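Asks: A predicted structure for the sequence below; I have some questions about it.
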Amino acid sequence: MTEFRKWWGWISACGTQPEFHEHFNRKIILGNRIAALAGVIVIVFSIFYKDYPAQLFTYLSSSVFCFLFILLNYLGLVKFSRLFFMLSVPVFVVIGASMAPESVKSAQKIALIATITIPLVLFGISEMRPMVLGIVWTVGCFVAFDYLDFKEIALPDSHAMTPKVVEYVCATVSFSMFIATYIYLQKLNVNAEDQLKTLLQKSNEQKDEIEVQNEKLEVINRNLNIRALSAELNPHFLYNSLNSVQHFLSINDKTSSLNYLSKFGRLIRQFIDYSDDGVIPLSDELKLLKYYLELESLRFESMFTYSLEVEEELLLHNIFVPLLLVQIHIENAILHGLMNKQGDRSLKVTFRKEEETMLCVIEDNGIGREASSRVRRVQHKEHQSKGIEISTKRLNLMYPHMISSDLVNIVDLYDESRLPAGTRVRIRIPFEII
């Protein structure tokens with residue numbers, strides 16, 4: 001039994017190649033099996049006609065043609081062998097039937113009809129042209145069936161099996177071929193559906209992987225942009241701080257210069273510690289702001305008052321905020337709002353929790369944005385600092401799900417007489433992100 005399986009496997013695989021598509025190899029295997037079975041069955045039938053040379057020769061020739069199909073596949077002539085087998089089978093059926101007794105000819109037409117399954121199995125819908133050719137060829141042989149009649153070598157009725165038995169045999173063979181073809185095609189459909197499901201699953205998995213990779217790339221790109229914008233803010237901050245040092249040195253105030261440089265050193269150290277990360281714990285950001293406000297107060301000789309208030313609940317959490325989150329707005333309030341005003345100058349910075357966000361409010365009682373713009377025009381300082389613009393862009397990148405106006409909102413303040421009374425900046429950072 002093991003040897004039979006070995007030989008059966010070898011015969012089935014003749015002509016298959018690893019580089020061929022699985023579906024194509026399956027057609028070759030099925031063709032080899034059909035040819036082998038048909039060849040053996042025909043040899044068995046030929047024994048009953050050993051006393052009739054014409055019929056014996058016809059049956060043996062058809063058997064040889066069946067095995068020739070397997071040989072051609074073995075030699076690598078796969079395409080030719082399938083066409084050869086498809087076209088030769090109906091011809092041999094017609095020739096054999098024309099030599100049969102008159103009483104069973106009509107029954108053998110059923111066997112000829114069954115050969116239409118061969119192009120369906122060997123080629124199928126994936127190879128439309130040869131399949132259609134085989135169907136047309138089989139129909140042509142069916143039409144020619146009634147016109148071929150070799151009376152001089154036909155078998156007499158006395159030798160043949162009864163018409164009823166022949167009809168049953170032909171019907172059984174034909175029905176079996178149709179059922180086998182149907183099962184085969186259904187199996188192909190199931191396999192195709194399974195392959196399609198597998199491909200769709202792989203496609204969805206690849207799509208998910210691509211989406212994950214795109215999200216990672218988007219995060220990386222956003223972080224790079226954030227760092228780039230932070231890098232633009234850093235020299236801006238250092239430049240303004242060094243201007244203050246230059247101011248004290250220019251007026252030859254050594255005591256104030258040393259005091260300023262001492263505070264400036266602490267500020268720079270704090271700043272450098274977090275400059276690479278781009279974010280800083282809220283507690284350290286508050287220290288940095290305190291150093292900065294002390295420096296600005298020294299620089300402007302305490303010409304303005306300031307307060308820095310933090311809601312205690314915020315300090316209970318390990319909250320991280322963007323580095324220099326509010327410094328640029330404080331700088332803007334001092335330089336353009338308070339220093340252009342006469343009289344009382346005050347700045348108030350508060351941090352508090354509001355719903356699911358941390359809210360920072362920077363409020364000054366300066367001259368307001370409109371008056372500040374007029375002052376710059378008079379002083380021919382048309383260039384507007386890009387610090388606030390860069391800071392806003394950075395926040396938009398860090399919190400893309402929030403509306404820009406919700407992140408940073410700047411409002412002009414007015415007194416009861418509708419005169420400018422300062423500016424209020426509201427910066428909101430979501431808790432779920434920080």
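Replies: Thanks, I have it. Numbers count the residues shown, from 1 in each chain.

Asks: from now on I want contacts and neighbour counts done on CA atoms only, so please keep to that.
Replies: OK.

Asks: what about the longest strand along the chain, average pLDDT?
Replies: Scanning the chain for the longest strand, with DSSP state E as the assignment, gives strand 420-430. Average pLDDT, strand 420-430: 89.

Asks: likewise for stretch 338-358?
Replies: Here stretch 338-358 scores 89 as its mean pLDDT.

Asks: check stretch 51-69 too.
Replies: Averaging pLDDT along stretch 51-69 yields 80.

Asks: quick revisit: what residues does the longest strand of the chain touch?
Replies: 321, 326, 329, 333, 337, 356-369, 406-415 (C-alpha atoms under 8 Å, 6 or more residues apart in numbering).

Asks: and if you look at stretch 346-358?
Replies: By C-alpha under 8 Å, 6+ apart, the surrounding residues in contact with stretch 346-358 are 304-311, 313-314, 333-334, 338, 359-366, 428-432.

Asks: just the buried residues of it, please?
Replies: 346-349, 351-353, 357-358 (16 or more other C-alpha atoms under 10 Å).

Asks: which ones among those residues are found in strands?
Replies: 346-349, 351-353, 357-358.

Asks: possible to save those as JSON lines with distance to Leu282?
Replies: Formatted as JSON lines, these follow (distance: C-alpha to C-alpha, whole Å):
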{"residue": "Ser346", "distance to Leu282": "23"}
{"residue": "Leu347", "distance to Leu282": "20"}
{"residue": "Lys348", "distance to Leu282": "17"}
{"residue": "Val349", "distance to Leu282": "14"}
{"residue": "Phe351", "distance to Leu282": "10"}
{"residue": "Arg352", "distance to Leu282": "12"}
{"residue": "Lys353", "distance to Leu282": "13"}
{"residue": "Thr357", "distance to Leu282": "13"}
{"residue": "Met358", "distance to Leu282": "10"}
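
Asks: what is the nearest of the residues you listed to Ser62?
Replies: Set against Ser62, the nearest of those by C-alpha to C-alpha is Thr357 (88.1 Å).

Asks: for stretch 37-51, the distance to its chain's centre please.
Replies: Distance, stretch centre to chain centre, for stretch 37-51: 59 Å (C-alpha atoms, centre = their mean, to the nearest Å).

Asks: for the stretch 201-350 of the chain, which segments count as strands?
Replies: Listed in chain order, the strands of the stretch 201-350 of the chain (DSSP state E, counting those that start in this stretch) span 279-281, 305-310, 320-322, 346-354.

Asks: Throw those strands into TSV and include distance to Ala421, thanks.
Replies: Formatted as TSV, these follow (distance: least, C-alpha to C-alpha, whole Å):
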stretch	distance to Ala421
strand 279-281	33
strand 305-310	16
strand 320-322	29
strand 346-354	11
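
Asks: go ahead and measure how far the longest strand of the chain is from the middle of the chain.
Replies: Offset of strand 420-430 from its chain centre (C-alpha atoms, centre = their mean): 43 Å.

Asks: repeat for stretch 109-129
Replies: For stretch 109-129, the distance to the chain centre is 41 Å (C-alpha atoms, centre = their mean).

Asks: again with stretch 389-401
Replies: Stretch 389-401 sits 28 Å away from the centroid of its parent chain (C-alpha atoms, centre = their mean).

Asks: likewise for stretch 58-72?
Replies: Mean-position distance between stretch 58-72 and its chain equals 52 Å (C-alpha atoms, centre = their mean).

Asks: please apply the same query to stretch 32-48.
Replies: Offset of stretch 32-48 from its chain centre (C-alpha atoms, centre = their mean): 53 Å.

Asks: tell me the buried residues in it?
Replies: So stretch 32-48, judged by 16+ other C-alpha under 10 Å, has buried residues 32-36, 38-39, 42-43, 46.

Asks: cool, stretch 361-379 as well?
Replies: Those would be 361-369, 372-373, 375, for stretch 361-379 by 16+ other C-alpha under 10 Å.

Asks: over to stretch 272-285?
Replies: 274-275, 278-285.

Asks: tell me the least confident of the buried residues of stretch 361-379?
Replies: The lowest pLDDT within the buried residues of stretch 361-379 belongs to Val375, which sits at 77.

Asks: show me which helix or strand of this structure is least confident by mean pLDDT.
Replies: Counting by mean pLDDT, DSSP states H and E, the chain has its least confident helix or strand at helix 163-250, which shows a mean of 66.

Asks: list the contacts for Glu309?
Replies: The neighbours of Glu309, taking C-alpha under 8 Å, 6+ apart as the test, are 348-351.

Asks: Gly15 too?
Replies: 28, 70, 73-78.

Asks: so which residue is smack in the middle of this structure?
Replies: Geometric centre of the chain, nearest residue: Lys207, 2.0 Å, by C-alpha atoms, centre = their mean.

Asks: from the contacts of Gly15, which land in helices?
Replies: Among these, the members falling in helices (DSSP state H) are 28, 70, 73-74, 78.

Asks: farthest-apart pair in these, please.
Replies: Among the ones in helices among the contacts of Gly15, Ile28 and Tyr74 lie farthest apart (C-alpha to C-alpha), at 10.5 Å.

Asks: how many neighbouring residues does the closest residue to Arg266 other than its chain neighbours have?
Replies: Nearest residue to Arg266, sequence neighbours excluded (C-alpha to C-alpha, 6 or more residues apart in numbering): Tyr291, at 7.7 Å. Other residues near Tyr291 come to 20 when the count uses other C-alpha atoms under 10 Å.

Asks: also the one 4 residues further on?
Replies: When neighbours are defined as other C-alpha under 10 Å, Leu295 has 23 of them.

Asks: now, which of the ones in strands among the buried residues of stretch 346-358 sits nearest Ile118?
Replies: Nearest to Ile118 out of these is Thr357 (C-alpha to C-alpha; 74.3 Å).

Asks: what bridges to the closest one?
Replies: According to DSSP bridges, the residues that bridge with Thr357 are Glu354, Pro430.

Asks: relative to Gly278, how far out is it?
Replies: Distance of Thr357 to Gly278, given as C-alpha to C-alpha, to the nearest Å: 19 Å.
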